[in-house]
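> Sequence first, then the predicted structure, then my questions.
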Protein chains: 2
Amino acid sequence: MPDSVNTVSTSAGAANLAPGNIAVPPVARVGDTLAQVATPSLLLDLDAFDANVERMASAAAARGVAVRPHAKAHKSVAIARAQMAAGAVGICCQKVTEAIPFVNAGIGNIHISNEFVGEARVALAVAMAAHVTLSVCVDDVRQVAPLGKAAQRAGVRIAVLPEVDVGQGRCGVDSTDAVGQLVDAIDHYEGLRFGGLQAYHGSAQHVDGWEKRRDTARLAADRASAYVRFLEARGIACPVVTGGGTGTAEFDIESGVYTEIQPGSYVFLDGHYGSLEWRDDWRFRHGLFLASTVMSTARNGIIVCDAGLKSVATDSGLPRFWSSQQASKPHYRTASDEHGVLELASADEDSAPWLGEPILLVPGHCDPTVNLYDRYVAVRHGRVEGLWPIEARGLSQ
Amino acid sequence: MPDSVNTVSTSAGAANLAPGNIAVPPVARVGDTLAQVATPSLLLDLDAFDANVERMASAAAARGVAVRPHAKAHKSVAIARAQMAAGAVGICCQKVTEAIPFVNAGIGNIHISNEFVGEARVALAVAMAAHVTLSVCVDDVRQVAPLGKAAQRAGVRIAVLPEVDVGQGRCGVDSTDAVGQLVDAIDHYEGLRFGGLQAYHGSAQHVDGWEKRRDTARLAADRASAYVRFLEARGIACPVVTGGGTGTAEFDIESGVYTEIQPGSYVFLDGHYGSLEWRDDWRFRHGLFLASTVMSTARNGIIVCDAGLKSVATDSGLPRFWSSQQASKPHYRTASDEHGVLELASADEDSAPWLGEPILLVPGHCDPTVNLYDRYVAVRHGRVEGLWPIEARGLSQ
């Protein structure tokens, strides 16, 4: 990439000293203890992760529903491979560029679960379709034509799934007429085929109260079902109905409508999902943590750690204190760019013993938190087992 | 780095297709128009940027106060060089690893404006001190000894600035006794020297109401002044009093207390700073934008763009719509991971004309937004002039 910075001169401040050649130290090495991990870092607890992957896979398999985990949550080839090894039929990506590392790693079946427009993205999708079984979403006939023409030129075939709005009120058409028009438009191109419907209800995932979440999920499934029947009445079979996430998976696999589910966060269970009401054994295990260090204890009653807004997403709540070697359990109160302020149990509690203390936090929202890091520090039983690259970090285009 | 993913097998889904070798396309090329830039991208308007750098430099110079811009805001060597070329005495970094790209690029004078603990960080600071004039902050005598010993062993000298709390209530000591102890501790080590005081009041930067912000800044300066006089009474001159940021710079340079200021956001003016009350010509120009594209218009009354939580920090407010080719001005209402939902002027306004439309947004908070990107697309008069790497992106340790 051209680094065209010719509008600025070289630094005047470096007059007397030679520039350094200092490498960024590794965040951890295999075999390290948690206390040796550089902070802030993103930890993946492999026991919890393995259990979560297995739990979702077996529950869906028992109902004959496919799992197509969402890679937007983890952005990691290693995690996608673990999901495929547990029986996933493929993965979802939310952006075309996000899919690139997975295509290159040989994940053979990828669904772009989102709309996209523009020549560059269409060209990228078509290039991918030469390597993987690719499906994409549309909610406007104007998205279909450029894709159809490019696919035909390239001699590839892309499955296209009209997205229907089943309650989210964001993307997706909301009439049978519009679905019919999309199916007709898809049918017009050799390089495209009708792949089924996407019926994803994002906000349903996050409804607290198990019964309310169940009812929201059922309503979404009913709406999806109505579109399926409409198409069947026109003689069009709907091979796939895809949607659902971590919050509604237990209902979606029972719905008789969804043929596959798209859960992402279940591998991690973030703080927000952890705060919801779950029943039976559907509560997944916390598998994602921030390793942080207390770096200032100048005032009693509070401690200041090194994980702030650049190390954890706060849109769905502040991180939650999880553990340390200290007896008391502080409360993460304020995040600024590079600092987290945690309150001790009382305003006059001596903060001094905390200086240098390693702590673990549970992030409020996994997806945008993961997107801040280049790798997971994969740990088991308190030791680092590997560093798993987050290859799709920052690939949002 | 070891990629130890031996707990997971290779993908079963890739059976019939060879893995791809698809490159991530460049986000832009020199000479591109704004409409050709891949989205979401981070745009830097060079005219605004140049004016902002010059404005701060000349205002401070007129008062004989040094500017030491904060690299935590921009994380970019090109921007640091532009600031140095405009007369900056050096830069601030907030984390030790954040400083690495600047050390390697020959920025010769770096202040770590934050506390840090632990052997690895101390070792890194000492390694840097062999290449640059380095200063660091402390607020606990236990931070001093490891640094002093390591500096002595390495034969380097590091300037150490006790941080005093001047109203923020986060890091920094809050008594003259504690400052005296820190100065004594620093004095104990050959490899350290007392470098002055850091007196930074973060939340003062963000006080709305010009008079209220002025009064908060004055109170902080008065507190800093009391510590300076305490040290002078002990026969200790205070060569540097550093602090202040974009919001209080105009007051800090008049204070007679601060010898240097640490502004960061002024080069960009984010949405939050733009919302504050400013007087005279102290309102900087908006220089940082998100280039985004409308990718779904399935419902009237709203449009959905491709910039969500992974493309813009929302802790200080949602992004603000700035411009497009369309006549109406929608309002950014909701951010999810990969989507931004914008409301049109009325619920039944036809959204269809917006599909594929490039739009510009002003991010609410620059620092954590910049940290989501690998480069700035530097533009002037609607054309891409260069791609400026954000070398310290993600270096939070």
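Received, thanks.
> pLDDT (mean, whole number) over the strand or helix carrying residue A:291?
If you go by DSSP states H and E, residue A:291 is part of strand A:288-296. Averaged over strand A:288-296, pLDDT sits at 98.
> Residues of the stretch 201-350 of chain A that sit close to chain B?
Applying Cβ under 8 Å from any Cβ of the partner chain, one finds that the stretch 201-350 of chain A approaches chain B through A:202, A:293-299, A:302, A:304, A:306-307, A:309-311, A:313-315, A:335-339, A:341. C-betas here are computed from N, CA, C, even on glycine.
> Show me which of those are buried.
The neighbour count (16 or more other Cβ atoms under 10 Å in any protein chain shown) marks A:202, A:293-299, A:302, A:304, A:306-307, A:309-311, A:313-315, A:335-339, A:341 as buried among these.
> what about the strands in the stretch 151-300 of chain A?
A:158-162, A:192-194, A:197-198, A:241-243, A:260-261, A:288-296 (DSSP state E, counting those that start in this stretch).
> Distance to residue B:321 for these - can I get that in JSON lines?
Supplementary listing: these in JSON lines, determined by distance: least, Cβ to Cβ, whole Å:
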{"stretch": "strand A:158-162", "distance to residue B:321": "29"}
{"stretch": "strand A:192-194", "distance to residue B:321": "34"}
{"stretch": "strand A:197-198", "distance to residue B:321": "28"}
{"stretch": "strand A:241-243", "distance to residue B:321": "30"}
{"stretch": "strand A:260-261", "distance to residue B:321": "35"}
{"stretch": "strand A:288-296", "distance to residue B:321": "33"}
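> Which residue would you name as the spatial centre of chain A?
By Cα atoms, centre = their mean, the mean C-alpha position of chain A lies nearest to residue A:73, the distance being 1.1 Å.
> That one against residue A:368, yeah?
No: if you go by Cβ atoms under 8 Å, residue A:73 and residue A:368 don't touch, sitting 10.0 Å apart.
> can you give me the helices for the stretch 101-250 of chain A?
A:119-129, A:141-154, A:176-187, A:210-233, A:249-252 (DSSP state H, counting those that start in this stretch).
> so does the first one get close to chain B?
What that stands for is helix A:119-129. Yes: for helix A:119-129, a contact with chain B is found by Cβ under 8 Å from any Cβ, at A:120, A:124, A:127, A:128.
> for the stretch 51-200 of chain A, which spans come out with low pLDDT?
Screening the stretch 51-200 of chain A residue by residue with the criterion pLDDT under 70, one finds no matching range.
> picking up where we left off before, which one of the helices of the stretch 101-250 of chain A lies nearest to residue B:101?
In terms of Cβ to Cβ, the element of the helices of the stretch 101-250 of chain A nearest to residue B:101 is helix A:119-129, at 29.0 Å.
> got the buried residues for the closest one?
A:120, A:121, A:122, A:124, A:125, A:126, A:127, A:128, A:129.
> so which of the residues you listed comes closest to residue A:237?
When the buried residues of helix A:119-129 are compared against residue A:237 (criterion: Cβ to Cβ), the nearest one is residue A:129, at 22.3 Å.
> Run a quick check on the closest one versus residue A:155, I expect a contact.
No: judged on Cβ under 8 Å, residue A:129 makes no contact with residue A:155 at a distance of 9.6 Å.
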